[in-house]
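Undergrad: Sequence and predicted model, in that order:
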Amino acid sequence: MDTLHNMRVFACVAESGSFTGAAHVLGTTTAHVSRAVASLEAHLRTRLLHRTTRRIALTEAGQRYLLRCEQILAYVEEAEAEASDAHARPAGKLRIHSMTGIGQHYMIKAIAGYRQQYREVNFDLTMANRMPDLLDEGYDVAIVVATELPDSGFVSQNIGQTYSILCASPAYVEAQGTPRTPSELAQHDCMRLVSPVVPLEKWVFDGPNGQEMVTIGTTSFQVNVGDAMTEAIRAGLGIGILPVYSAIEGLRDGSLVRVLPQYQLQQLNVYALYPSRQYLDAKIKTFVAYLRASLPGILAQEQQELRALSLRSACGAVRQLQPA
């Protein structure tokens, strides 16, 4: 028995004063209305309506039950309106999981920009270098950096591309020199960045000769956060992998030097993952759309700046080699 439907029919009968009137309002037959009320009375084991050939009237139990029905139906209508509004208007809490580097460098600024348009959305941001379980952990959106995604059944949107490069400190380069090819990295202190997207022992480069893979041996230092790797490189511990967004500031101020500037590690995609495309909550839809509109331009601008910095550094090195 559909109790909620029968409640609606009963309330409509009480308001209209007849089965025929209720049938007209509900767009159904008088027989259907009569069966619904009878089914409700049988379920409750209570007579709700006095029936005569000329009119109907509420019993005492029917009067009390009608008050409860009206309250319940009002709550249901309110809940339905709220749920429908979530589909149409961005509001409420948005729970986001982001990989650490991309979260620190882009997501906080993106959230600030998004909230200038949608002030009714609040954010709960978690950052960790792992792939979360959206359903079990209750996240609305996950921001993931990967070469490609495993088949998870979730909806994914590609919101940008980036890559990583090799960096060292000026002091390390002065003392140890720089490799000219990826194979010469075997002669240097190479630090490992523990990441779901960068293999620890095999570094894959895209360069002038296509794709090259180098096996990295033992290392004196490894860490799992890009910004911590930046500090280790600045301290002169060796050569390390840095995402462009972690390296760019140090390259600007000269505290980092790009190693093997003609090479970059494999291109990575930035994905936004969410559980379902159907009846997508407005705050998820608009936030992902905001990222798709804004993030690619920011990433491209940084990569363009990186090329300019690398070119400037190369020209400076050539000038130093020329005789006075």
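TA: Nice, I can see it.

Undergrad: The stretch 151-300 of the chain: strands as residue ranges?
TA: 155-162, 164-168, 190-193, 202-207, 210-215, 222-223, 239-243, 257-259, 264-265, 268-274 (DSSP state E, counting those that start in this stretch).

Undergrad: Nearest to residue 144, out of these?
TA: strand 268-274 (4.7 Å; CB to CB). (C-beta placed from N, C-alpha, C; glycine too.)

Undergrad: pLDDT averaged over that closest one - what is it?
TA: Averaging the model's pLDDT scores along strand 268-274 yields 92.

Undergrad: Can you list the strands that that strand pairs with?
TA: Strand 268-274 has the following sheet partners, assigned by DSSP bridges: strand 141-146 (antiparallel), strand 155-162 (antiparallel).

Undergrad: and the angle from the longest helix seen in the chain to strand 164-168?
TA: As assigned by DSSP state H, the longest helix anywhere in the chain is helix 282-321. Relative orientation of helix 282-321 versus strand 164-168 (axes from the mean of the first three to the mean of the last three CA atoms, to 10 degrees): 40 degrees.

Undergrad: Check which helices and strands helix 282-321 sits against.
TA: helix 60-88, strand 92-98, helix 108-115, strand 141-146, strand 155-162, helix 244-253, strand 257-259, strand 268-274 (3 or more CB pairs under 8 Å, 6 or more residues apart in numbering; DSSP states H and E).

Undergrad: Quick check: which of these is nearest to residue 39?
TA: Here helix 60-88 is closest among the helices and strands packed on helix 282-321 (CB to CB), at 14.0 Å.

Undergrad: Which positions within the closest one qualify as buried?
TA: For helix 60-88, a neighbour-count test (16 or more other CB atoms under 10 Å) marks 62, 65-66, 69, 86 as buried.

Undergrad: same thing with stretch 130-141?
TA: 131-132, 134, 139-141.

Undergrad: would TSV of these with distance to residue 175 be doable?
TA: What follows is the buried residues of stretch 130-141, written out as TSV (distance: CB to CB, whole Å):
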residue	distance to residue 175
131	39
132	42
134	47
139	45
140	49
141	45
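
Undergrad: Output the residues you listed in a markdown table; the columns should cover distance to residue 152 and pLDDT.
TA: A markdown table is the format used below for the buried residues of stretch 130-141 (distance: CB to CB, whole Å; pLDDT from 0 to 100):
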| residue | distance to residue 152 | pLDDT |
| --- | --- | --- |
| 131 | 8 | 84 |
| 132 | 11 | 85 |
| 134 | 8 | 86 |
| 139 | 13 | 92 |
| 140 | 15 | 92 |
| 141 | 14 | 94 |
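
Undergrad: Of the strands paired with strand 268-274, which stretch is the most buried?
TA: Each of the strands paired with strand 268-274 was scored by mean neighbour count; the highest is strand 141-146, a mean of 22, by mean count of other CB atoms under 10 Å.

Undergrad: tell me how far that strand is from the chain's mean position?
TA: Distance of strand 141-146 from the chain centroid (CA atoms, centre = their mean, to the nearest Å) equals 6 Å.

Undergrad: coming back round to it: turn the strands of the stretch 151-300 of the chain into JSON lines, including distance to residue 302.
TA: Shown next, in JSON lines, are the strands of the stretch 151-300 of the chain (distance: least, CB to CB, whole Å):
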{"stretch": "strand 155-162", "distance to residue 302": "8"}
{"stretch": "strand 164-168", "distance to residue 302": "11"}
{"stretch": "strand 190-193", "distance to residue 302": "18"}
{"stretch": "strand 202-207", "distance to residue 302": "18"}
{"stretch": "strand 210-215", "distance to residue 302": "23"}
{"stretch": "strand 222-223", "distance to residue 302": "22"}
{"stretch": "strand 239-243", "distance to residue 302": "10"}
{"stretch": "strand 257-259", "distance to residue 302": "13"}
{"stretch": "strand 264-265", "distance to residue 302": "13"}
{"stretch": "strand 268-274", "distance to residue 302": "13"}
